[in-house]
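Trainee: fold the following and give me the result.
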Amino acid sequence: MHDQSIRGVIENEVSHLQIHHPPFKQDYEPRYLLPHGPAVVRQLRALPGRAALSGRTVVRGIVASAYSSAGLQLNGIEPAAEHQLTGLGRRIAEGSYFSTPPKTPAILLSTTTARKLRVKLRSKVVLTFQDTSGAITSGAFRRVGLYRSPSTRPTTRPTPLCGARI
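Mentor: Numbering: from 1, shown residues only. Below is the predicted model of the structure:
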């Protein structure tokens, strides 16, 4: 049971290796971007023997519906690469996994978070977070899918996004 729990965290949350700006994990501030992040991702993708790789944008923020709000860690992802890395697309309980480019930026929510916010499929939520210059910004996202989260921590589980430029 313990080994299964560790494997779940590695496969679904942490992966085998993460590269961050040195103080990022202490403060989770958006100003701590990985210098030349896209170039680092391209170089790593060119390495032989690599199984999967996904670039992510991680920011802490608030997700709000017409009913409620919650503080979350938001993960901006590359959908195809994230699916290959974590298999997130296989855990869709309702809706779809970013199958077509949406008109409105799309979001997947965990079943726990969607239940708390009372958000149905295709409903809009508003994300509010700090940008890299320190300004508070927000945007509307349409819920395209609902995924089963292996985590029981609804306020800290990453919420994958698509089309977000944070």
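Trainee: so the residue nearest to H21 when sequence neighbours are not counted, which of the three states?
Mentor: In this structure, H21 finds its nearest non-sequential neighbour in Y32, 4.0 Å apart by CB to CB, 6 or more residues apart in numbering. Heads up, the C-betas are built off the backbone N, CA and C, glycines and all. Recorded secondary structure, Y32: coil (DSSP: H, G, I helix; E, B strand; the rest coil).
Trainee: cool, A93 as well?
Mentor: With three-state DSSP as the basis, A93 sits in strand.
Trainee: tell me who's in contact with it.
Mentor: 111, 146-148 (CB atoms under 8 Å, 6 or more residues apart in numbering).
Trainee: if we use 10 Å, what do you get?
Mentor: Applying CB atoms under 10 Å, 6 or more residues apart in numbering to A93 gives the contacts 110-111, 114, 145-149.
Trainee: so which of these is the most crowded?
Mentor: Ranked by the number of neighbours (other CB atoms under 10 Å), these place A114 first, at 25 neighbours.
Trainee: run through the chain and note the low-pLDDT ranges.
Mentor: Along the chain, segments meeting pLDDT under 70 span 1-16, 102, 150-166.
Trainee: on that earlier part again, which pair in the contacts of A93 spans the largest distance?
Mentor: Distance extremes for those: the farthest pair is G145 and S149 at 12.2 Å, using CB to CB.
Trainee: picking that back up, need the contacts of A93 in TSV (columns: distance to A135 and secondary structure).
Mentor: Shown next, in TSV, are the contacts of A93 (distance: CB to CB, whole Å; DSSP: H, G, I helix; E, B strand; the rest coil):
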residue	distance to A135	secondary structure
S110	28	strand
T111	32	helix
A114	28	helix
G145	29	strand
L146	31	strand
Y147	30	strand
R148	35	coil
S149	30	coil
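Trainee: dump those residues to JSON lines, plus distance to H83.
Mentor: Below are the contacts of A93 laid out as JSON lines (distance: CB to CB, whole Å):
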{"residue": "S110", "distance to H83": "16"}
{"residue": "T111", "distance to H83": "18"}
{"residue": "A114", "distance to H83": "20"}
{"residue": "G145", "distance to H83": "12"}
{"residue": "L146", "distance to H83": "16"}
{"residue": "Y147", "distance to H83": "11"}
{"residue": "R148", "distance to H83": "15"}
{"residue": "S149", "distance to H83": "15"}
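Trainee: who does the residue nearest to S69 when sequence neighbours are not counted bridge with?
Mentor: Nearest residue to S69, sequence neighbours excluded (CB to CB, 6+ apart): I62, at 5.5 Å. Listed beta-bridge partners, I62: G71, T128 (assigned using DSSP bridges).
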